[in-house]
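Okay, here's the prediction I keep looking at, along with the sequence it came from:
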Amino acid sequence: MSDPFKPRAAFAPWDRRELPGLFTVEESARRVGNYKWLEMRLFESLGGWVATVPELDVKLVLGRHCYHHAWHAELMDKRLPELREMNTDRLCEPANPEMAAFVEALREPEAPEHTIEKLVGIFRVLLPRKIAAYTYHMNATSRITDSPTQRSLGFMLQDEFEDWREGEMLLQSLIETPDDVERAARRQSELEQLILAAGGIAGPGTLGSETVTEGASV
Amino acid sequence: MRKQLPPEMLARDSRFVRTSIMDQVMDPRNAKMGERDLGSARLQPERPAAADRARNLMHGIFTGEIQALEGAGRTTFDFDDEQAPFALKLDMARQCWDESRHVEISVKLGDWMGTEIGEYSEATFLYEAACAPDPILRLCGVNRALEGLAIDVFNTMKEFGDLSGDPVLEFCEDWMLADEVTHVKMGSDWLRRLTADDPERRERALDFQRTVDKLFSLGGFRGESEDNPIQLARAFRSMAGFSTDEIDELAEIAAQAQLDAQAMVAGSS
Amino acid sequence: MSNITLIPAGFTLVKFDADQVRELIGQTMAEVGFPADVAVTIEVDEVLPHPLTASLVDIVDGEAKLWFTGGCFESPKRQTGLSVDHTRVELGSAFLRAKDRLSEGFVNAPRDEELDDRQRTIWDAYAEGRLVALGYPVRVQRRRYTFRLYGGFNDVADAAFARLWSGDALSWNDLSAMADELVAADTRPPRKKSLRKETLRSAPAA
């Protein structure tokens, strides 16, 4: 029989998590606020678009994905007070005016003929950016001190990957002619320019570089 | 994308054909129908044309679910963060998913029963209830009136499935019924929360709900007698947060709507 | 060409073109092989809309008497408008049953108003199965659901439906035996029987 009182290491040999992380509490909170704002605008857009797309399968997928992003917003909203941000509305904002402009442009198409434009914005521009940003956050932040954020981002990424795949498949099935290819590419290019100007969904440094807080590493 | 999307802009593919409530009201056959003794209108397997009546209702449920999805979706978008609290929008997003699932279920049930998408014309008066400019009016019109009607309809269909021994229909309707009870409760909770300090707004919202309820009872469609195809589901409504007084009031609205319909027929014949 | 009488001669409550309906009647009779020398009276009760669908077929003194609600011919998509597909299928099915009634194998079949729901749904499935073979726009799942509604949601009923759908040269005795088979396999509680069988073909209220 094993001895239950025998001293054991706090971390099992296979648990390789380390304390160091690139984000301070404030930086993680800032990003989480940006994510919440973006997830809110995203679920609102998908909800609004449901009535404007004639394709039944797309309509139903948008209805489903609308809730996924609302849930992401809720997860981020719940995380903010845990990051010392008691007023959860204060940090719920776009990373910068360029990001706000990107979202404004993203949700602009309305006509029933513009399903490709709507889906390109979401699935070929925004979701890849979100996947990148959330992955960076997961990898950059401390796996011990900020693990609640990591855990939420893990759930969110699971949705993002599956939703991206579903949306991309819808797009491939809707793009039927060389003109459609042009339309999709044009739309993607327009929006990429805007999000490039924003520096990513959390602003410049979304994927690292200059906004990394000096000395945050332990 | 604009805020407040009018019903005529609801996007549909080429299979769908829209009808107006006026088409139905002005149908010259209505008066002649009123003169006939057609027996009970209640949806039951032993009634004549039960299969086609059930299919027709199923397609109505299908288009109603699409509109409920669209209505909930628009509520997430049409109001800014001051007009509609974050938690309310989350609830509406959740409802989007639920309604999306209900459309999926309805499509499968339509296949099961032998209907095709767009086989029947679509009236948009359900979505019209979701166009109110005040979010709480919308919640009352959609979650309490429309989703309340859905409780009655699903319960009627569930009973039909049970009586006819159709395991698929009964199974699906029971699941959808569970969701609708949740949606109605959501509406009741938000009505209380958002109007706690504003009795006038609450009264306006309840008035709007009565109007929508009356519309949904039009021509005796819903009620508690054998003349009503859709039966008022008292037990489930109670579970969803309706008080007995509210259910009694709805029963009166439905009975009055039926009397109005009979008077209209008598007046036109 | 048969002596065909359409009642009413012209429609006033629905937007059916009586000439088009007559043309569809003639075309359908020819396609299903209904004998051209049998007089036919077709009555359409235009008051009753879709989904109030019902029809009756009987042979009276050698003449075929067909009755339909207007709902049988109406487009569910366009209120009061005619659906050519629905009309063809309803007419085709009715003429096949009328043709059955003229044959030796159905001399003992009860009148339509005396058939119970199970017997009627069996005969309808047999008729529509033959229409499929003639290329009519019949929807198998629609008929299958109606069949299950009255015949039972079970394997015995489904197997019976499959036999009917591909059946040919069946007699009333065959259909009647199938009805007994379905009754035996049906585990649903028996439905209450009203004193008078409800029908949509009713006289105006007093």
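In hand now; what should we look at? Residues are numbered from 1 along each chain as shown, chains lettered A, B, ... in the order given.

Please make it C-alpha for all contacts and neighbour counts, starting now.
Noted.

Excluding chain neighbours, what is closest to the residue of chain B found nearest chain A?
The minimum distance from chain B to chain A, using CA to the nearest CA, falls at B:Gly73 (3.6 Å). Distance criterion CA to CA, 6 or more residues apart in numbering or on different chains; nearest residue to B:Gly73, sequence neighbours excluded, is A:Gly47 at 3.6 Å.

so where does the residue in chain C positioned nearest to chain B fall, helix or strand?
Minimum separation of chain C from chain B (CA to the nearest CA) falls at C:Arg142, amounting to 3.6 Å. Under the criterion of DSSP states H and E, C:Arg142 resides in helix C:140-151.

Could you export that helix as PDB, CA atoms only?
What follows is helix C:140-151, C-alpha atoms only, in PDB (Å, rounded to 0.1, in the frame of the first residue of the first chain):
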ATOM      1  CA  VAL C 140     -43.400   9.300 -51.100                       C
ATOM      2  CA  GLN C 141     -42.700  10.600 -47.600                       C
ATOM      3  CA  ARG C 142     -45.900  12.600 -47.600                       C
ATOM      4  CA  ARG C 143     -47.900   9.500 -48.300                       C
ATOM      5  CA  ARG C 144     -45.800   7.400 -45.900                       C
ATOM      6  CA  TYR C 145     -46.400   9.800 -43.000                       C
ATOM      7  CA  THR C 146     -50.200   9.700 -43.600                       C
ATOM      8  CA  PHE C 147     -50.000   6.000 -43.900                       C
ATOM      9  CA  ARG C 148     -48.200   5.700 -40.500                       C
ATOM     10  CA  LEU C 149     -50.600   8.100 -38.900                       C
ATOM     11  CA  TYR C 150     -53.500   5.800 -39.700                       C
ATOM     12  CA  GLY C 151     -51.700   2.500 -40.100                       C
END
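
List the contacts of the next helix or strand after it.
Sequence order places helix C:155-165 as the next helix or strand after helix C:140-151, per DSSP H and E. By CA atoms under 8 Å, 6 or more residues apart in numbering or on different chains, the residues outside helix C:155-165 that reach it are C:122, C:125-126, C:128-130, C:144, C:147-148, C:151, C:178, C:181-182, C:185.

And for stretch B:126-134?
By CA under 8 Å, 6+ apart, stretch B:126-134 touches B:4-7, B:64, B:67-68, B:70-72, B:75, B:138-139, B:141-142, B:146, B:212.

6 Å - rerun?
By CA atoms under 6 Å, 6 or more residues apart in numbering or on different chains, the list of residues contacting stretch B:126-134 from outside reads B:Gln67, B:Gly71, B:Arg138, B:Gly141, B:Val142.

Can you tell me how far the third one is from B:Asp78?
In this case it means B:Arg138. 11 Å (CA to CA, to the nearest Å).

Chain A contacts on chain B?
Applying CA under 6 Å from any CA of the partner chain, one finds that chain B approaches chain A through B:1, B:10-13, B:70, B:73-74, B:76-77, B:90, B:93-94, B:96-97, B:100.

hmm, which of those are the buried ones?
The neighbour-count test (16 or more other CA atoms under 10 Å in any protein chain shown) marks B:1, B:10-12, B:70, B:73-74, B:76-77, B:90, B:93-94, B:96-97, B:100 as buried among the residues of chain B next to chain A.

now for those residues, which pair is the farthest apart?
Comparing every pair within these by CA to CA identifies B:Arg12 and B:Leu90 as the most remote, at 25.9 Å.

what mean pLDDT would you report for stretch A:140-150?
Averaged across stretch A:140-150, the pLDDT comes to 95.

chain center to that stretch: distance?
Remark: stretch A:140-150 is offset 16 Å from the chain centroid, using CA atoms, centre = their mean, to the nearest Å.

which non-adjacent residue is nearest the residue of chain C closest to chain B?
B:Gly114 (3.6 Å).

what helix or strand is A:Leu75 on?
Here A:Leu75 is assigned to helix A:56-82, by DSSP H and E.

near chain B at all, that helix?
Yes. Residues of helix A:56-82 are located near chain B by CA under 6 Å from any CA, namely A:Leu60, A:Gly63, A:Arg64, A:Cys66, A:Tyr67, A:Ala70.
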